[in-house]
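**Student:** sequence unavailable; structure follows:
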């Protein structure tokens, strides 16, 4: 198990859409990759991590929102959003933009389809933080960051903050 470097805002891999992965082609390496992704996510105190955030252009993400204090690890391989419903506006952050948080409107409920770590297809629905995590991580796989969803006024405010924050990142 290794802690991996988390890519930061401005790195090219974060803006590239990740193509679907061929499960059979990655099956051997997948257990080690997932172990490293979990370790990296937990060490950074995140609730989700997408492969582009560790420099890999793979359509893979992990999520653990610890519902009611209980860990429930979800592996998302080639995820797709099937349905979005309602709205919530909460503060959101990102491991690839450490120190920056902004209120962002997202769907309150999300249903996704994906493959699990064994290559089995499944569907999952979530509300609140889980719905937000589904949308956030799938955005990463589509080459988007949460700040890409902000309105112009918020983006201008965030740009000034980002400039100062980048000086503190290693």
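**Tutor:** Received the coordinates, thanks. These numbers come from a predicted model, not from an experiment.

**Student:** against residue 69, how distant is the nearest residue to residue 75 once chain neighbours are set aside?
**Tutor:** Of all residues not flanking residue 75 in the chain, residue 117 sits nearest, at 4.4 Å (CB to CB, 6 or more residues apart in numbering). No exception for glycine: its C-beta is placed from N, CA and C like everyone else's. Separation of residue 117 from residue 69 (CB to CB, to the nearest Å): 23 Å.

**Student:** try residue 92
**Tutor:** 22 Å.

**Student:** the helices in the chain, which residues?
**Tutor:** Using DSSP state H, the helices of the chain run over 23-26, 30-43, 129-141, 152-166.

**Student:** which of those helices is buried the deepest?
**Tutor:** helix 129-141 (a mean of 23; mean count of other CB atoms under 10 Å).

**Student:** other residues contacting that helix?
**Tutor:** With CB atoms under 8 Å, 6 or more residues apart in numbering as the test, helix 129-141 has contacts from 14, 17-18, 47-53, 59-61, 63, 65, 67, 76, 79-81, 84, 88, 90, 92, 94, 96, 106-110, 112, 124, 126, 145-146, 148-149.

**Student:** next: stretch 88-101.
**Tutor:** Residues from elsewhere that reach stretch 88-101, judged by CB under 8 Å, 6+ apart: 6-9, 11, 14, 41, 44, 46, 49, 53, 102-108, 128, 131-132, 136, 140, 145-147, 158, 161-162, 165, 168-169.

**Student:** what's the first-to-last distance across that stretch?
**Tutor:** Terminal residues of stretch 88-101 lie 16 Å apart, using CA to CA, to the nearest Å.

**Student:** residue contacts, residue 19?
**Tutor:** Contacts of residue 19 by CB under 8 Å, 6+ apart are 57, 59.

**Student:** okay, it and residue 25: tell me how far apart.
**Tutor:** Distance from residue 19 to residue 25, by CB to CB: 12 Å.

**Student:** between the two, what contacts are shared?
**Tutor:** Shared contacts of residue 19 and residue 25, defined by CB under 8 Å, 6+ apart, are absent.

**Student:** coming back round to it: who has more neighbours, residue 92 and residue 69?
**Tutor:** Using other CB atoms under 10 Å as the criterion, residue 92 and residue 69 rank with residue 92 on top: 21 against 5.
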